[in-house]
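**Q** Starting from these lines, generate the structure:
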Amino acid sequence: MAALTPPTSIRLAGLIRLALPLAAAMLSAGAALAQAPELPETMPVPELNQSQSAQEAAPADVPIPEPRPADAPEPDQPATDTLNEQKSDQEAQPQPPAVAPTPTEKPAEPEPPAAAPKPPEKPAQAPEKEIPPDPRSAAVPQEKMPDEELACRRRLKSMGVDFEERKAEHDAAVGCSIPYPIALKTLGKSLDINPETELNCQMAEAAARFAADIVQPAAKAELGAELKSVGQASAFVCRHRNGGGKLSEHAFGNALDIASFTLSDGRRIDIGPAPPEKEARFLNAIRKAACGPFKTVLGPGSDADHSLHLHLDLAPRRNGGTFCQ
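**A** Numbers count the residues shown, from 1 in each chain. Next up is the predicted model:
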């Protein structure tokens with residue numbers, strides 16, 4: 001063999017270097033093919049236009065797909081019934097309004113007046129009528145006792161009344177005045193008054209005659225016993241009438257309040273709104289008889305101030321009138 005020239009040897013060496021990797025790749029592919037499973041020599045080719053009878057003659061082991069439920073949707077397209085149900089559900093639910101309603105504005109509250117209205121002024125009350133002073137308030141004792149005062153004292157002694165002279169009393173600020181007072185110790189023979197009381201002589205004489213001429217006979221007739229003593233509650237007191245206004249008759253020693261009567265058998269008859277039957281007849285009899293000798297008679301039922309005593313006085317009235325309740 002002829003020796004290769006240098007250029008030829010170089011090309012041969014390059015070819016060898018290229019062939020070695022190619023051979024290695026072919027060996028690897030052959031090994032892989034040796035390990036792969038053997039394929040059948042022939043593969044059935046499906047016939048495109050088979051008849052119905054050919055399809056029925058298909059092998060029995062080929063599974064036939066089960067029919068889909070009627071309500072199942074077709075692949076890749078939504079079911080019409082399902083869409084209708086979703087639509088009806090959406091219509092059943094209340095949809096929010098497209099625009100939220102604006103809340104109704106509250107009516108503006110009226111502004112308070114700048115100044116509170118003043119209540120209507122009460123009509124001016126007419127001034128109370130001024131009560132003229134009682135002329136008896138100016139009475140003062142004289143140097144010599146008047147004849148009518150001396151005659152009154154003589155009558156009291158003839159009746160068996162025990163009394164004492166007292167010093168004159170006068171209060172210019174209030175108007176009280178009793179220029180010739182006497183203190184009664186008894187109302188007659190065996191007829192006491194408790195406690196002893198200060199009156200003017202005319203009222204003392206009227207009280208003594210009332211006890212002897214009216215109370216004593218009524219006690220014997222209604223209660224079967226004699227009158228022994230009279231319990232007094234008030235006589236001369238420097239004050240106005242209850243509730244104000246005019247001066248009371250007590251301010252002149254011209255009134256006597258009687259609270260009870262004591263009988264010879266020891267019984268005590270108290271004056272009140274609801275006495276027992278026999279005592280009530282006795283009290284009613286003397287109360288009725290007192291209207292006349294006295295110009296004012298008040299007792300239970302007249303008012304609250306006279307519910308527990310008889311008020312008797314000699315208040316001067318027009319035409320000699322009386323006020324009895």
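
**Q** what about the stretch 1-150 of the chain, any weak spots by pLDDT?
**A** 1-25, 27-130 (pLDDT under 70).

**Q** what about 50?
**A** Along the stretch 1-150 of the chain, segments meeting pLDDT under 50 span 1-5, 36, 39-60, 62, 72-84, 88.

**Q** What pairs with the host helix or strand of V297, parallel or antiparallel?
**A** In the assignment (DSSP states H and E), V297 maps to strand 296-298. Take DSSP bridges as the rule and strand 296-298 pairs in its sheet with strand 310-313 (antiparallel), strand 323-324 (parallel).

**Q** Contacts for whichever strand or helix holds K185, please.
**A** Using DSSP H and E, K185 sits within strand 181-188. Applying Cβ atoms under 8 Å, 6 or more residues apart in numbering, the external contacts of strand 181-188 come out as 153, 156, 159-169, 192-193, 196-201, 204, 207-208, 211-212, 230, 236, 253. Just so you know, the C-beta spots here come from the backbone N, C-alpha and C atoms, and that holds for glycine as well.

**Q** Now do it, average pLDDT.
**A** Averaging pLDDT along strand 181-188 gives 96.

**Q** which of the residues in it are buried?
**A** 181-184, 186-188 (16 or more other Cβ atoms under 10 Å).

**Q** want to throw those into JSON lines with distance to S248?
**A** Conversion of these to JSON lines gives the following (distance: Cβ to Cβ, whole Å):
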{"residue": "P181", "distance to S248": "16"}
{"residue": "I182", "distance to S248": "19"}
{"residue": "A183", "distance to S248": "19"}
{"residue": "L184", "distance to S248": "19"}
{"residue": "T186", "distance to S248": "25"}
{"residue": "L187", "distance to S248": "22"}
{"residue": "G188", "distance to S248": "27"}
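
**Q** Most widely separated two among those?
**A** P181 and G188 (19.7 Å; Cβ to Cβ).

**Q** ranges for the helices of this protein?
**A** 6-35, 52-56, 80-92, 147-158, 201-210, 216-223, 277-290 (DSSP state H).

**Q** can you give me the angle the strand holding K185 makes with helix 201-210?
**A** 10 degrees (axes from the mean of the first three to the mean of the last three Cα atoms, to 10 degrees).

**Q** Check which strands are paired with strand 181-188 and give the direction for each one.
**A** When DSSP bridges is applied, strand 181-188 pairs with strand 163-165 (antiparallel), strand 191-200 (antiparallel).

**Q** from these, which stretch is densest packed?
**A** Across the strands paired with strand 181-188, averaging neighbours per residue (mean count of other Cβ atoms under 10 Å) puts strand 191-200 on top, at a mean of 20.

**Q** got a list of contacts for that one?
**A** 166, 178, 180-187, 207, 211-212, 216, 227-232, 235-236, 252-254, 256.

**Q** got the end-to-end distance for stretch 223-241?
**A** 34 Å (Cα to Cα, to the nearest Å).
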